[in-house]
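*Asks:* heads up, no residue letters with this:
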């Protein structure tokens with residue numbers, strides 16, 4: 001018995017740490033940043049920079065998520081999806097969460113600054129917008145999704161800036177792609193978790209309802225995402241290029257997501273929304289892989 005209790009407590013601490021920093025989300029963000037770096041790097045890959053970007057990106061997103069959970073602790077306690085998070089469940093004090101968030105902010109900006117100043121600046125902007133603008137707006141207006149899409153789109157762009165220490169048409173395109181993608185992704189989440197979000201006073205859908213208006217806008221933003229995704233094939237985005245074969249693959253991936261967006265329009269069910277959300281996650285992950293592989297085999 002003497003060895004079991006510490007082990008259980010240790011497991012709880014680890015799981016709470018993973019939850020407060022939203023480890024799965026943070027890793028997906030790091031993946032986007034690394035993909036952006038690989039697209040932007042000229043010559044051999046600098047694995048030291050790659051490592052700094054991975055850790056800096058994780059700290060950056062972990063800090064944003066921890067601050068978010070501190071601010072929303074009372075609202076999280078009202079929702080089934082979030083009531084067991086460390087702070088609302090009482091397993092972690094606000095003070096402890098704040099210490100983690102502060103340390104992660106300092107570490108994130110410092111590590112990204114080692115890469116270059118621009119990378120650190122965009123990382124700091126991301127934390128600020130997510131914590132100080134997006135989070136408070138979530139209970140005020142559906143426009144919060146628009147604001148939240150900005151820090152959400154920064155990581156893909158951040159990788160390129162880490163590689164080049166410059167901002168131009170290439171990272172701008174990567175930013176636009178991930179920016180527009182987030183609307184169908186988050187509206188799908190807002191749709192199938194609508195009842196739970198309503199308990200916390202969050203209205204994430206553009207019309208605040210699961211109606212045709214929301215479904216139509218989801219389709220439109222999906223189309224914009226698809227169009228931006230194939231722009232590099234036309235040679236108008238500087239060093240960010242895409243072969244015809246890769247563009248066709250990316251287009252097919254986009255059409256799959258568009259199919260599920262139309263399915264949401266037709267059925268308007270939580271199941272259809274969840275299918276769109278899952279397809280959107282597959283889409284952005286596979287797209288980033290295709291972009292990177294295409295660069296290195298061209």
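*Replies:* Now that the structure is in, tell me what you want to look at. These numbers come from a predicted model, not from an experiment.
*Asks:* Now do the contacts for residue 198.
*Replies:* Residue 198 makes contact with no residue, according to Cβ atoms under 8 Å, 6 or more residues apart in numbering. Quick note: C-beta positions are derived from backbone N, CA and C, even for glycine.
*Asks:* quick one: secondary structure of it?
*Replies:* Under DSSP: H, G, I helix; E, B strand; the rest coil, the three-state class of residue 198 is helix.
*Asks:* And it, how close does it get to residue 277?
*Replies:* Separation of residue 198 from residue 277 (Cβ to Cβ, to the nearest Å): 18 Å.
*Asks:* Sketch out the low-pLDDT regions of the chain for me.
*Replies:* Residue ranges of the chain with pLDDT under 70: 1-11.
*Asks:* Taking the centroid of it, which residue is nearest it?
*Replies:* Residue closest to the average C-alpha location in the chain (Cα atoms, centre = their mean): residue 152, at 4.4 Å.
*Asks:* Near residue 83, how many residues? Count them for me, please.
*Replies:* Other residues near residue 83 come to 14 when the count uses other Cβ atoms under 10 Å.
*Asks:* Got the phi and psi for it?
*Replies:* The phi/psi pair for residue 83 (degrees, to the nearest 10) reads phi -70, psi -20.
*Asks:* Residue 139 versus residue 74, what's the distance?
*Replies:* The gap separating residue 74 from residue 139 is 11 Å, by Cβ to Cβ.
*Asks:* Could you chop the chain up by domain?
*Replies:* Under the assignment automatic domain parsing, the domains of the chain span 14-167, 168-298.
*Asks:* Helices of the stretch 1-150 of the chain, residue ranges please.
*Replies:* Assigned by DSSP state H, counting those that start in this stretch, the helices in the stretch 1-150 of the chain fall at 4-20, 23-40, 47-71, 73-76, 94-115, 117-128, 135-137, 144-164.
*Asks:* can you check the stretch 151-298 of the chain too?
*Replies:* Assigned by DSSP H, counting those that start in this stretch, the helices in the stretch 151-298 of the chain fall at 169-192, 194-200, 212-230, 244-267, 270-297.
*Asks:* Tell me which of those helices sits nearest to residue 61.
*Replies:* Residue 61 lies closest to helix 169-192 among the helices of the stretch 151-298 of the chain, at 13.7 Å (Cβ to Cβ).
*Asks:* helices or strands up against that closest one?
*Replies:* Where contact means 3 or more Cβ pairs under 8 Å, 6 or more residues apart in numbering; DSSP states H and E, helix 169-192 is packed against helix 23-40, helix 144-164, helix 212-230, helix 244-267, helix 270-297.
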